[in-house]
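*Asks:* Kindly return the folded structure for what I paste below:
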Amino acid sequence: MKHYAQAFDAFNKNAEDGWLKSQRIAAFARFEHLGFPTPSVEYWKYTDTKALAKREFKLATGYDQQAAAELLKAKGLKLDAHRLVFVDGLLSSELSNLEGLQDAVVIEPLSQALATELELTSGMMGRLAGIDVDVFTALNFAFVSEGVVVRVGANQKVNKPLLVTYLSTATEEVMSHPRILIAAGASSELQLIEHFIGADEAKNFTNRVVEGVMERNAKIHHTLLQQPSDKEWWVGRIQIEQKRDSRYTSHQMNLGGKLVRDDLVCDLNGEGAECDFSGLLFGRNRQHLDIHTLVNHNAPLTNSYETYKTILNDRSQGVFNSKVIVKKDSQKIHAVQNNANLLLSDQAQINAKPELEIYADDVKCAHGATTGQLDMDALFYLMARGIGEEEARGLLTLAFANEVIDKLELPEIYNLVETTVAGQLPHKIELELTQ
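*Replies:* Just a heads-up that it's a prediction; the model follows:
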């Protein structure tokens, strides 16, 4: 890990003395103490990160503006939204647009907030995802300099979705550590879309953290759309604190990457709080896709729902670990976990582990995981009606994915996900886009 230390020394040596510099130093010390996790660590039992320790990733000092614009035009979402675009971890002012925000809504780059509102920003950063959470969160804090700060006032609905796009264009090995901070006021509403796009030759390591605090009756609809190149490394953490009657909805669409690890944690701290997770892991070649979720029912009368689908082909590997903890005296809660996995190859592997840990007695909880191949009866049914075997296999696979794809409300995102999955199946399917 020597090169990480060298990169940190170069990054932090000219930083102004104060809270942020001292926190970065403490965070990097924590990272060095923990080291990259190995399969001997239970939480990382099926995901080995030793290759990350050997890579000599660097922080980007610039980027090709034309290449970034072309990549965004080719693969970006065509969506009416407030936009922030980051290229290899650096803010692109030319490609971003935050015009038209209402007065009670603040959306700004993290670098700007750190420069002009350090005291306010420091109160948000690390409150939920501090340096002791895990090694990658500590590493993020050590290098944190860019990202997004969102503050939505009480009773405010952000008038358009916030689209945060991360572009990977560098041909050398570049790392970035963006962080998103969200403060959602009482009865506020925010639609957040994160879109990660990698050029075909990109080899980036992205280590993203999101922290969000939701006040009473706040609503956040969060879509994470991942399309890094097959040579990229991606690690992410989302940490949400929910107060009374708040609702957090998450859609995680994992469609690329060499190694992807997602951690999603919700603390339901007030009565009536509810979270609803859904996701798709779509793996090919030798991709490794790992998702961990944790819901803490810390208050009674709280609800959580999870639906995740995995489709794996070739030698790809998937991990799904979902844990629900019902704390003592958290009565009358409802928690459901559903995980279904489809293996298209005899060499594909999935490790699924839904867990319930219950310390209350008046609860309604259920979990389940299934793994299998395509239904031969359904395949025969389609073929008996004149559909070729290859097309029938593709249609059944897409139908399997559509249970979670159908939860995507915006047609621009729905179309992108569905056509991407259809086009990357072993037997490609051409789809007509919905309008």
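*Asks:* can you give me the helices in this protein?
*Replies:* Read by DSSP state H, the chain holds these helices, from start to end of the chain: 2-12, 19-34, 50-54, 65-75, 110-116, 118-124, 135-143, 376-384, 389-405, 411-424.
*Asks:* which other residues reach the fifth one?
*Replies:* Applying Cβ atoms under 8 Å, 6 or more residues apart in numbering, the external contacts of helix 110-116 come out as 20, 91, 120-121, 144-149, 178-181. From N, CA and C alone the C-beta is placed, and that goes for glycine too.
*Asks:* Kindly recompute the last result at 10 Å.
*Replies:* Applying Cβ atoms under 10 Å, 6 or more residues apart in numbering, the contact partners of helix 110-116 are 20, 84, 90-91, 106, 108-109, 120-122, 124-125, 144-149, 151, 178-181.
*Asks:* That helix: which residues count as buried?
*Replies:* Residues of helix 110-116 classed as buried under the neighbour-count rule (16 or more other Cβ atoms under 10 Å) are 110, 113-114.
*Asks:* And for the second one?
*Replies:* Neighbour counts over helix 19-34 (16+ other Cβ under 10 Å) mark 20, 23-24, 26-28, 30-32, 34 as buried.
*Asks:* returning to what we had before: could you look over the helices of the chain and pick the most buried one?
*Replies:* The densest packing among the helices of the chain, expressed as mean neighbour count by mean count of other Cβ atoms under 10 Å, is seen in helix 135-143 with a mean of 24.
*Asks:* quick revisit: ChimeraX command for the buried members of the contacts of helix 110-116?
*Replies:* The buried residues among the contacts of helix 110-116 can be selected in ChimeraX (16+ other Cβ under 10 Å) with this line:
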select :20,84,90,91,106,108,109,121,122,124,125,144,145,146,147,148,149,151,178,179,180,181
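*Asks:* still on that earlier bit, between the helices of the chain, which one is closest to residue 307.
*Replies:* For the helices of the chain, proximity to residue 307 was assessed by Cβ to Cβ; helix 389-405 is nearest, at 6.0 Å.
*Asks:* The closest one: how far from the chain's middle?
*Replies:* Taking Cα atoms, centre = their mean, to the nearest Å, one finds the center of helix 389-405 at 24 Å from the center of the full chain.
*Asks:* any idea which of the buried residues of helix 110-116 is closest to residue 217?
*Replies:* Nearest member of the buried residues of helix 110-116 to residue 217, counting by Cβ to Cβ, is residue 113, at 25.6 Å.
*Asks:* measure that closest one to residue 150 for me?
*Replies:* For residue 113, the distance to residue 150 under the criterion Cβ to Cβ, to the nearest Å works out to 10 Å.
*Asks:* on that earlier part again, out of the buried residues of helix 19-34, the closest to residue 207 would be?
*Replies:* Out of these, the member with the shortest distance to residue 207 (by Cβ to Cβ) is residue 31, at 10.6 Å.
*Asks:* The closest one is in contact with residue 7, isn't it?
*Replies:* No - using Cβ atoms under 10 Å, residue 31 and residue 7 do not qualify as a contacting pair, with a distance of 11.6 Å.
*Asks:* overlap in contacts of these two?
*Replies:* Between them, residue 31 and residue 7 share these contacting residues under Cβ under 10 Å, 6+ apart: 142-143.
*Asks:* Which residue, other than its chain neighbours, is closest to residue 49?
*Replies:* residue 36 (4.6 Å; Cβ to Cβ, 6 or more residues apart in numbering).
*Asks:* ignore the last one, residue 348
*Replies:* Nearest non-adjacent residue to residue 348, counting by Cβ to Cβ, 6+ apart: residue 312, 3.8 Å away.
*Asks:* and that neighbour, how many residues sit next to it?
*Replies:* Residues within reach of residue 312, counting by other Cβ atoms under 10 Å, total 24.
*Asks:* can you pull up the bridge partners for it?
*Replies:* Each beta-bridge partner of residue 312 is listed here, defined by DSSP bridges: residue 283, residue 343.
*Asks:* where does the stretch 251-400 of the chain dip in pLDDT?
*Replies:* Counting by pLDDT under 70, the stretch 251-400 of the chain contains no low-confidence segment.
*Asks:* which stretches of it form strands?
*Replies:* Applying DSSP state E, counting those that start in this stretch to the stretch 251-400 of the chain gives strands spanning 259-268, 274-283, 288-297, 303-312, 317-326, 333-343, 349-358, 363-372.
*Asks:* angle of the first one against helix 135-143?
*Replies:* Computed with axes from the mean of the first three to the mean of the last three Cα atoms, to 10 degrees, the direction of strand 259-268 lies at 90 degrees from that of helix 135-143.
*Asks:* Then the fourth one?
*Replies:* On the basis of the same axes, to 10 degrees, strand 303-312 is oriented at 100 degrees to helix 135-143.
*Asks:* now do the longest one
*Replies:* Using the same axes, to 10 degrees, the inter-axis angle of strand 333-343 relative to helix 135-143 is 100 degrees.
*Asks:* what's strand 333-343 packed up against?
*Replies:* Packing partners of strand 333-343 (3 or more Cβ pairs under 10 Å, 6 or more residues apart in numbering; DSSP states H and E): strand 274-283, strand 288-297, strand 303-312, strand 317-326, strand 349-358, strand 363-372, helix 389-405.
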